[in-house]
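Novice: how would this look folded up:
(chains A and B)
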Amino acid sequence: MTAWHWLALAAAALAALAAVAALRRRARRTARGRRFFRHPAAAPGLVVLAFVVTTALAAPGLAPYPPRAQLDIVRLADQPPSLRHPLGTDLYSRDVWSRLVYGARVSLGVGALAMLVAVTLGAAVGAAAGYFRRWPDALLMRVVDVGLALPRIFVLLVAVALWGHVTLGPLVLLIGLTGWFPTSRLVRAEVLSVRERDFVAAARALGAGPARIILRHVLPNAAAPIIVSAALGIGNVMLLEAGLSFLGLGVPPPMPSWGNMIADGWPKMAVAPWAALAPGLAISLVVTALNTVGDALRDALDPRAESA
Amino acid sequence: MAAWLLRRLAAALAIVFAVLTLAFCAIHLAPGTPFVSPQDRGMDPAIVARLERLYGLDRPLPVQYAKYLVAVLHGELGESFALRRPVADALAEALPNTLLLAGAALLLDFGLGLALGVYQAARARRAGDVVLGNAALFVHSVPTFWLGLLLLLVFAQRLHWFPVGGTHDPVLCRSVASLRCALDRGWHLALPALTLGVVGAAGTARYQRAALLEVLGQEFVRTARAKGLSERRVLLVHALRNALLPFITLGGLALPFLLTGAVLVETVFAWPGMGRLAVTAIFQRDYPVVIAAAAAASVLVVLGSLAADVLYAVADPRIRAPGA
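Specialist: Residues are numbered from 1 along each chain as shown, chains lettered A, B, ... in the order given. This next block holds a predicted model:
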């Protein structure tokens, strides 16, 4: 790690701070924005997220070594943190900091994309069940009952292990497809109350079809719980990905993810604990930030459910 | 109440049946067979065919499914491919270990969570509450298995205060025969239960604090205070009783969390429970064990939510409504 990399890191931190400060200034103009930032941990949480996203995007400029490069397996394996390797090296002599920075891309990407799949599907199913009621509702909610009765990690383990090695795309899809059940319940409950409002009746009287009513009138008014559950869900997916990778069934190995970095560091925990400590801390920090931002979003979007 | 309970029981049975069917289909539709994984195809086809005939895997899928269902209804879960013993035996051996771990973790989860939640609600928005609240949020966001690794590193490998894994000392204590052996079990249980319990307690404390604060804003609390009762009595007797309802829901919800956590924590601590049995069986493509473990996990989850609903109806007369 050269002075140039440290400088780039400081720039990334400053960029994150500046972005959140700008956002805060702009948020002051609306009541929602003010409610969001009234949550004591909202601003620090956002700074952490902005910083991690910046480092993930700027990974090539921040990582001194290629993330998969085994530098010198004889002399440089399991090195403690030093100026050259700020977080040490792992058992294959790879630079832990470089892997951490590139791993952020994978872990955050998997979390965000899988959550997108889950929320889209959950919103669609919940909206359909809540809007049409009767048999579609009964059928869909029974499916959801079954989905909720299965521990999610179990389904994923079975799917991944039996289908052999799963690449990143299908993995994201699988995590998303097993995560939409709680969202669909939330959305259904919200839609059930929104569909009785006058503006929906007005839209129906004007001749709008169900698809248009759901997309244009019902869902935008049921958005608050969807957004909050998405923010809280990304953290959950990141923990899940870490668990799967830890068991050797998540992100396929040479590619760094925070989960499989812990898995790699585990056997050498007694000799080189930094290799497993750094990614674990990174996950904990990001998930904490996501949870606080989710809490603050709930305060901002849904003033009825005062939480903190 | 009786009709409602019957309906709920029927629904629970239907869910377990659906899970069983789903697991059966998913497993048999996956590429490869128990004896040939998608990666290696080097085995002699004649041997594979003989093995498949031996375990009835050469029959059409609907026939296999029907045979399996009939067997399950007779209480037969089949024979494990890898362990060469009845699946029911393997489950019966692993289940108590998982229940012990989950039970201890749940106790810690609720005990610690309740204490923290009450303390935080009593000092809401003051320094103690804010510090504990942020700490709880962080602990709740830590990957459970990573926390387990950390505790293992510090308290087992470095300090030697606790054993590194297993449920008991295999040489000194083969069964719980004496007080010393019971203590030995507890000693082995401490770290895994702590790992699962602390992460759960952080979440429980957040719920409990919110529930208590909501109750503290109600009229009868003001009445109790106006009567001149001490703040301690108001909090612990009047408010807390009414803020305990979410605990029942949390108890039902905690089961899936504990089972999920158990899969990973059991792996970290070499704890021979359901989670480890399932993970091993999945890697060995041991179909009967995988299906049975999935069904057993869903039975536990469904029973948990059913028990929560029943307790809720018993505890809160307001929601003893039909069709709930």
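Novice: Share the number of residues neighbouring A:Ala270, please.
Specialist: Applying other C-beta atoms under 10 Å in any protein chain shown, we find 10 residues neighbouring A:Ala270. C-beta: built from backbone N, CA, C; applies to glycine.
Novice: B:Leu212 contacts B:Leu236, doesn't it?
Specialist: No - in this structure B:Leu212 lies outside contact range of B:Leu236 using C-beta atoms under 8 Å: 10.3 Å.
Novice: Which one of those two is surrounded by more residues?
Specialist: Taking other C-beta under 10 Å, B:Leu212 and B:Leu236 do not tie; B:Leu212 has more neighbours (23 against 13).
Novice: what is in contact with B:Leu212 and B:Leu236 at once?
Specialist: Common contact partners of B:Leu212 and B:Leu236 (C-beta atoms under 8 Å, 6 or more residues apart in numbering or on different chains): B:Val118.
Novice: where does the residue lying closest to A:Thr2 once chain neighbours are set aside land in three-state SS?
Specialist: Among residues not flanking A:Thr2 along the chain, A:Pro64 sits closest, at 6.6 Å (C-beta to C-beta, 6 or more residues apart in numbering or on different chains). Three-state assignment for A:Pro64 (DSSP: H, G, I helix; E, B strand; the rest coil): coil.
Novice: tally of neighbours for B:Leu150?
Specialist: Residues near B:Leu150, counting by other C-beta under 10 Å, number 18.
Novice: quick one, what contacts it?
Specialist: Contacts of B:Leu150 (C-beta under 8 Å, 6+ apart): A:277, A:280.
Novice: Looks to me like it is in a strand.
Specialist: No - the assignment for B:Leu150, made by three-state DSSP, is helix rather than a strand.
Novice: picking up where we left off before, list the contacts of the residue nearest to A:Thr2.
Specialist: Applying C-beta under 8 Å, 6+ apart, the residues contacting A:Pro64 are A:1-2, A:5, A:84, A:95, A:97-98.
Novice: List just the nearest of these to B:Ala122.
Specialist: Among the contacts of A:Pro64, A:Trp97 lies closest to B:Ala122 (C-beta to C-beta), at 43.4 Å.
Novice: Buried ones only from the contacts of A:Pro64, please, as a ChimeraX command.
Specialist: This is how ChimeraX selects the buried members of these, with burial counted by 16 or more other C-beta atoms under 10 Å in any protein chain shown:
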select /A:1,5,84,95,97,98
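Novice: Turn the contacts of A:Pro64 into JSON lines, including distance to B:Arg241, secondary structure and pLDDT.
Specialist: As requested, the contacts of A:Pro64 are exported to JSON lines (distance: C-beta to C-beta, whole Å; DSSP: H, G, I helix; E, B strand; the rest coil; pLDDT from 0 to 100):
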{"residue": "A:Met1", "distance to B:Arg241": "58", "secondary structure": "coil", "pLDDT": "68"}
{"residue": "A:Thr2", "distance to B:Arg241": "63", "secondary structure": "coil", "pLDDT": "75"}
{"residue": "A:His5", "distance to B:Arg241": "58", "secondary structure": "helix", "pLDDT": "80"}
{"residue": "A:Arg84", "distance to B:Arg241": "61", "secondary structure": "coil", "pLDDT": "76"}
{"residue": "A:Asp95", "distance to B:Arg241": "57", "secondary structure": "strand", "pLDDT": "82"}
{"residue": "A:Trp97", "distance to B:Arg241": "52", "secondary structure": "helix", "pLDDT": "85"}
{"residue": "A:Ser98", "distance to B:Arg241": "55", "secondary structure": "helix", "pLDDT": "85"}
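Novice: of the contacts of A:Pro64, closest to chain B?
Specialist: Chain B lies nearest to A:Trp97 out of these, by C-beta to the nearest C-beta, at 18.4 Å.
Novice: Flag the shaky bits of chain B, pLDDT-wise.
Specialist: B:1, B:31-43, B:170-171, B:173-177, B:317-324 (pLDDT under 70).
Novice: ok, longest helix in it?
Specialist: helix B:179-216 (DSSP state H).
Novice: What helices and strands are in contact with the helix or strand A:Ala189 falls within?
Specialist: Using DSSP states H and E, A:Ala189 maps to helix A:181-194. With contacts taken as 3 or more C-beta pairs under 8 Å, 6 or more residues apart in numbering or on different chains; DSSP states H and E, helix A:181-194 sits against helix A:96-132, helix A:134-149, helix A:223-246.
Novice: Can you lay out those helices as CSV showing distance to A:Pro60?
Specialist: What follows is the helices and strands packed on helix A:181-194, written out as CSV (distance: least, C-beta to C-beta, whole Å):
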stretch, distance to A:Pro60
helix A:96-132, 9
helix A:134-149, 40
helix A:223-246, 23
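Novice: Least confident of these, on average?
Specialist: Looking at those, the lowest mean pLDDT belongs to helix A:134-149 (a mean of 80).
Novice: what's next to it, contact-wise?
Specialist: A:125, A:128-130, A:178, A:180-182, A:184-185, A:188, B:11, B:14-16, B:18-19, B:22, B:256, B:298, B:301-302.
Novice: what do you get if the cut-off is 6 Å, keeping everything else the same?
Specialist: Helix A:134-149 is touched from outside by A:125, A:128-129, A:181, A:184, B:15, B:18, B:298, B:301-302, with contacts defined as C-beta atoms under 6 Å, 6 or more residues apart in numbering or on different chains.
Novice: which parts of that helix are buried?
Specialist: Using 16+ other C-beta under 10 Å as the test for burial, helix A:134-149 gives A:137, A:140-141, A:144-149.
Novice: Can you show me the CA trace of that helix as PDB?
Specialist: What follows is helix A:134-149, C-alpha atoms only, in PDB (Å, rounded to 0.1, in the frame of the first residue of the first chain):
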ATOM      1  CA  ARG A 134     -61.000 -14.300  -3.100                       C
ATOM      2  CA  TRP A 135     -59.200 -17.300  -4.600                       C
ATOM      3  CA  PRO A 136     -56.000 -15.700  -5.900                       C
ATOM      4  CA  ASP A 137     -55.500 -14.300  -2.400                       C
ATOM      5  CA  ALA A 138     -56.200 -17.700  -0.700                       C
ATOM      6  CA  LEU A 139     -53.900 -19.500  -3.100                       C
ATOM      7  CA  LEU A 140     -51.000 -17.100  -2.900                       C
ATOM      8  CA  MET A 141     -51.100 -16.800   0.800                       C
ATOM      9  CA  ARG A 142     -51.000 -20.600   1.200                       C
ATOM     10  CA  VAL A 143     -47.900 -20.600  -0.900                       C
ATOM     11  CA  VAL A 144     -46.500 -17.900   1.400                       C
ATOM     12  CA  ASP A 145     -47.400 -20.000   4.400                       C
ATOM     13  CA  VAL A 146     -45.300 -22.900   3.100                       C
ATOM     14  CA  GLY A 147     -42.500 -20.600   2.100                       C
ATOM     15  CA  LEU A 148     -42.300 -19.100   5.600                       C
ATOM     16  CA  ALA A 149     -42.400 -22.600   7.200                       C
END
